[in-house]
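1. just a sequence and a predicted model for now, questions to come.
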Amino acid sequence: MAGFLLRRLLIAVPSLLGISLILFTVLALAPGDPFSEMATNPNVPPEVRESLRASFGLNDPILVRYLRWMAAMARGDWGFSFASRINVDTLILQRVPTTILVIGSSQVVALLIAVPIGLYAGIRPYSLLDQVANTLAFVGFSLPTFFTGILFILVFSIHLGWLPFVYQTDLAASGWRWWWEGFRQAIMPVSVLALFQAASYTRYVRAAVLDVARLDYVRTAQAKGLNPRSVTLRHIARNAMIPVVTLVALQMPIVFGGAIVTEQIFRVPGVGSLLITAMLANDTPVVMAVTFVFACLVVLFNLVADLLYGWLDPRISF
Amino acid sequence: MGSSMTEQDLRNRISDVREGRLSRRAFVRQMAALGLSAPMAGTMLAHGGVAFADATLAYKPTKAGGGGVLKLLLWQAPTLLNPHFASGTKDQIASRIFFEPLAGWDKEGNLIAQLAAETPSRTNGGLSADGKEVTWKLKRNVRWHDGQPFTADDVVFTWQYAADPATAAYTTGSYANIKVEKIDDHTVKVVFKEPTPFWADPFVGAFGCILPKHHFGDYAGAKSRDAPANLKPVGTGPYKFLDFKPGDIITGERNADYHVPSQPFFDRIEVKGGGDAVSAARAVLQSGEYDYAWNLQVEDEILKRMETGGKGKISAVVSGDIEFIILNTTDPDVEVDGERSSIKTKHPTLSDPKVREAMNLLLDRDSIEKFIYGRGGLATASFVNEPKQFKSKTLKYEFSVDKANKILDEAGYKRGQDGVREKDGKKLKYVFQTSINAPRQKTQAIIKQACQRAGIDLELKSVTAAVFFSSDVGNPDTYIKLYCDMEMYTTTQPQPDPEVFLNQSNSWQIANKENKWLGRNVARFSDPAADDAYKAAQKELDPAKRAELLIKVNDLFCRSNTILPLISRTRVVAAASSLMHDHSGWDVDTWNVAAWYRA
């Protein structure tokens, strides 16, 4: 086990280096200029633009810039944002709580919907509920979040006027009102994401349950005359959850990475919206840091998923 | 203002006002009769020694505070709060809540004192006769948010800070070539190297915000990025800083010690950023979650539909921004010394003035205004449209496919079998590029249709804005490279004076490989007569003569048909029905936020 862990961690280093090199090169080759907004403004002399480029080291060769970035990263310096003129880590850390809150709770809600429905649908395949659940799941992941998001806004904010559609981190309220306002503004983004995620989770859970329910030990348990409830929960559900747990672990990086589209629609200040604004502003240090953190999380959670798998299923050993 | 008689007449009238024989109002009315607008009259009076007019919002509340929260929504999120680092209007709007310049511009282009006690003029001794010196008297009893007094030292420091190239301020251009002297604690003198007719640039408007020396003093030059006050502004503005999350939200509270009595009205201000223009309009006009949304470049029809809810209203003010087309007279397909569209080459057909004349007749500007821009712009044939004293009286536009056909027939361009005209084997087939933006793609389509009827074939190309407007030397699709036959975009005029704006016609500003395509003259226009008139205008202190010279530059530029002006843009905002706001096309939206109130 320890040997496996060490081996995997050692493999992670070159793969992360490779990822960072590719990311850096792609960003450096991508068109665009962080100071493009000055271009159409006649009051900013071209020399100012040039000297800014020089002072941020944008005119150096890619390799020099990459080595500089790597040396800084090794010292824990994540870089300096062109657009905000502050350190990138401060910028990212400001976004993490909201991202975890919104995306994390949407994952929880998605699981709360998907597990019971998937379980029931898997145990009684082709029943009415299974048909309905399947249809809804299909509709759910066919509808993109930008569509459901705008639909929700039109219905709940514009027509009914029940919910706000602009998410605010600095709520001008205190006490229970603060909690209530916070809850109200989170309803729409969380449910849009949760419904989308629940749709695919439901199908995974159903498939896993179907696989397990057909196995001999389940039939044995049923033949022994155990009550159906304990067969479902102890024999089927527990074993069917193994692949689902892995799947959820692999989804975890997304909780940190945010949901770009949904965050834009509801103006949720998460990591995803930071990434997209940084991209549009050609703020490469921020883009680089966010994507690199994301890459690290993917590598890490892959490892976690593998470890979890071994722990949940003793037949697998390393 | 073509004849010297008008000029003399004007001068007499200005002196009548100065000496009290003619009221200001009567002067403006007479000017209107001559076809000149109020802001023009105001600027003329200022140069003639009479104080500027004032078109600011009349402030009704009798005491400060008690207004609750003012919520602004910017669909591009502010990312920093140091006004001298502000790269776009979003950042300028946010920092202007906390910092103020000596003077700002109202919606008619009048200079309004903010931290200055009065705007400089010849009569109050603020402007020297040689046009090289401007003396600003500062307002007394102004305090920074931390209680320190605001003095001339802060103004001088702001100049040193912004002028230092190591600071890497976006505002350097306004400060690098001047000297600023402290006369006493409440007087500063700005000294220009050359006679400068347009002196209201340093310490004025978006680029002019004054920084507190006691917070930034240790952070001028290369250390500028480390200043804690970059993120926690201490200014003189109507609201004090509470919190800032870059790219997300800014909050401020009422400055109880604000230097204008009984202002501001609101107790708290919130500026939220992010999202897109359409949904920002929706949050004000339909759901009413916000009081104000800025820069709504949205098709007017959509805005009109949202307005029917009655929760908010749209308002638009004029600006100098112009949406225009460049016809490339150089050859985009031939490479000379490592660059295409070099002035050493000639476009096979667009270098023919007759073809360009025909193209100008094929732009259905009225339809473009009516069906695409609505309240967002006015059709025009002139590059400079505002302020009105600089607008050409003679340029007219016309849409006529028949006339275009006639001109092309006479010039010898015959239709081929595919319906496309050609002469000597050179076909009238052009690549027409612009940035990706719904109104621009619709405009392209309208122009393409008209051109088809005249036997000109346009291939429409659209480039993502981040690339199109970048100054990336390696990219062939930037607007400055002009590697196409025609292109369309908006160029902004930040001040109510077209001198800097018109440098886009200077032959020494032509964008080329040598200057890394950083020259301002993208159209590659070159005319010695225009250059001479421009140089003369730069030194001319007589406002009437100077306006005449700049109009001449504009007219030569437009009549060459290398540029085809389309739409003079307005600044469109949405505001809650109850909100009394005051935005200007010559300054940032929050320039006078202290005077906003709820009716």
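-> Structure received. Numbering: from 1, shown residues only, chains lettered A, B, ... in the order given.
2. retrieve the pLDDT associated with the residue nearest to the spatial centre of chain A.
-> The residue lying closest to the centre of chain A (Cα atoms, centre = their mean) is residue A:254, at 1.5 Å. Note for residue A:254: predicted pLDDT of 78.
3. so it touches residue A:103, yeah?
-> Yes: assessed by Cβ atoms under 8 Å, residue A:254 is found in contact with residue A:103 at 6.9 Å. Where C-beta positions appear, they are placed from N, C-alpha and C, glycine not excepted.
4. residue of the stretch 401-550 of chain B closest to chain A, please.
-> Here the stretch 401-550 of chain B gets closest to chain A at one residue, residue B:518, 3.2 Å apart by Cβ to the nearest Cβ.
5. surely that residue touches residue B:511?
-> Yes: with contact defined as Cβ under 8 Å, residue B:518 and residue B:511 form a contacting pair (6.9 Å).
6. burial measure for the residue in the stretch 151-300 of chain B that chain A sits nearest to, as a count.
-> Closest residue of the stretch 151-300 of chain B to chain A, Cβ to the nearest Cβ: residue B:248 (3.6 Å). Residues near residue B:248, counting by other Cβ atoms under 10 Å in any protein chain shown, number 27.
7. got it, and residue B:412?
-> When neighbours are counted by other Cβ under 10 Å, residue B:412 registers 12.
8. contacting residues for it?
-> Contacts for residue B:412 (Cβ atoms under 8 Å, 6 or more residues apart in numbering or on different chains) come out as residue B:423.
9. same question, the one 3 residues further on
-> When contacts are counted by Cβ under 8 Å, 6+ apart, residue B:415 is found next to B:421, B:455.
10. low pLDDT regions in the stretch 151-300 of chain A?
-> Residues of the stretch 151-300 of chain A that meet the criterion pLDDT under 70 lie in A:258.
11. and it, which residues reach chain B?
-> Along the stretch 151-300 of chain A, the residues adjacent to chain B under the rule Cβ under 8 Å from any Cβ of the partner chain are A:153, A:157-158, A:161, A:164-166, A:168-170, A:172, A:264-265, A:267, A:269, A:273-274, A:277, A:280-282.
12. repeat that with 6 Å
-> When proximity is defined by Cβ under 6 Å from any Cβ of the partner chain, the stretch 151-300 of chain A lies next to chain B at A:157-158, A:164, A:166, A:169-170, A:172, A:267, A:269, A:273, A:277, A:280.
13. and the two most separated of these?
-> Longest distance between any two of these is 28.8 Å, between A:172 and A:280; criterion Cβ to Cβ.
14. how far away is the nearest residue to residue B:165 once chain neighbours are set aside from residue B:68?
-> Closest residue to residue B:165 apart from its sequence neighbours, by Cβ to Cβ, 6 or more residues apart in numbering or on different chains: residue A:51 at 5.6 Å. As judged by Cβ to Cβ, to the nearest Å, residue A:51 and residue B:68 stand 45 Å apart.
15. might one say that residue B:347 is in contact with residue B:332?
-> No: applying Cβ atoms under 6 Å, one finds residue B:347 not in contact with residue B:332, separated by 7.6 Å.
16. not including adjacent chain positions, what is the nearest residue to the residue in chain A that chain B sits nearest to?
-> Chain B sits closest to residue A:46 of chain A, with a gap of 3.2 Å, by Cβ to the nearest Cβ. Spatial nearest neighbour of residue A:46, chain neighbours left out: residue B:518 (3.2 Å); criterion: Cβ to Cβ, 6+ apart.
17. isn't there a helix covering that neighbour?
-> No: counting by DSSP: H, G, I helix; E, B strand; the rest coil, residue B:518 is not found in a helix; it is coil.
18. what segments of the stretch 151-300 of chain A are helices?
-> Here the stretch 151-300 of chain A has its helices, by DSSP state H, counting those that start in this stretch, at A:175-213, A:216-223, A:228-230, A:238-257, A:260-266, A:271-280, A:284-312.
19. where does the first one sit relative to the chain's centre, distance-wise?
-> Just to be clear, that refers to helix A:175-213. The gap between where helix A:175-213 is centred and where its chain is centred comes out at 13 Å by Cα atoms, centre = their mean, to the nearest Å.
20. what does the second one give?
-> Mean C-alpha position of helix A:216-223 versus that of the full chain (Cα atoms, centre = their mean) differs by 39 Å.
21. now the fourth one
-> Helix A:238-257 has its C-alpha centroid displaced from the chain centroid by 12 Å (Cα atoms, centre = their mean).
22. buried ones in that helix?
-> Using 16 or more other Cβ atoms under 10 Å in any protein chain shown as the test for burial, helix A:238-257 gives A:239-244, A:246, A:248-249, A:251-257.
23. closest to residue B:213 among those residues?
-> In terms of Cβ to Cβ, no member of the buried residues of helix A:238-257 lies closer to residue B:213 than residue A:256, at 42.2 Å.
24. and that closest one, how far from residue A:272?
-> Where residue A:272 is concerned, residue A:256 sits at a distance of 10 Å (Cβ to Cβ).
25. okay, now the domains of chain A?
-> A:2-74, A:96-267 (automatic domain parsing).
26. for the last one, measure first residue to last.
-> Using Cα to Cα, to the nearest Å, the gap from the first to the last residue of domain A:96-267 comes to 15 Å.
27. one more: stretch B:489-506?
-> Note: stretch B:489-506 ends 19 Å apart using Cα to Cα.
28. distance from it to the middle of the chain?
-> Distance, stretch centre to chain centre, for stretch B:489-506: 7 Å (Cα atoms, centre = their mean).
29. mean confidence score for it?
-> Mean predicted confidence for stretch B:489-506 is 91.
30. then stretch A:17-34?
-> 84.
31. contacts for that stretch next, please.
-> Contacts of stretch A:17-34 with the rest of the structure, by Cβ atoms under 6 Å, 6 or more residues apart in numbering or on different chains, involve A:62, A:66, A:82, A:282-284, A:287-288, A:291-292, A:295, B:466-467, B:470-472, B:475.
32. kindly report the same for stretch A:215-226.
-> Under the contact criterion Cβ under 6 Å, 6+ apart, stretch A:215-226 has outside partners A:231, A:235.
33. try it again with 8 Å
-> A:212, A:228, A:231, A:235-236.
34. ok so, going back, tell me how many other residues crowd the residue nearest to residue B:165.
-> 15.
35. measure how far the helix or strand harbouring it is from the centre of its chain, please.
-> For residue A:51, the enclosing helix or strand under DSSP states H and E is helix A:46-55. Helix A:46-55 has its C-alpha centroid displaced from the chain centroid by 37 Å (Cα atoms, centre = their mean).
36. what about stretch A:288-299, distance to the chain center?
-> 11 Å.
37. want to throw the residues of the stretch 151-300 of chain A next to chain B into CSV with neighbour count and distance to residue B:174?
-> Output for these, formatted as CSV (neighbours: other Cβ atoms under 10 Å in any protein chain shown; distance: Cβ to Cβ, whole Å):
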residue, neighbour count, distance to residue B:174
A:157, 22, 43
A:158, 16, 44
A:164, 21, 41
A:166, 22, 35
A:169, 19, 35
A:170, 14, 33
A:172, 15, 37
A:267, 27, 34
A:269, 28, 33
A:273, 30, 33
A:277, 23, 28
A:280, 15, 27
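38. now, which of those residues sits nearest residue B:229?
-> Using Cβ to Cβ, residue A:170 comes nearest to residue B:229 of those, at 20.2 Å.
39. on that earlier part again, who's in contact with the residue of chain A closest to chain B?
-> Applying Cβ under 8 Å, 6+ apart to residue A:46 gives the contacts B:471, B:515-516, B:518-520.
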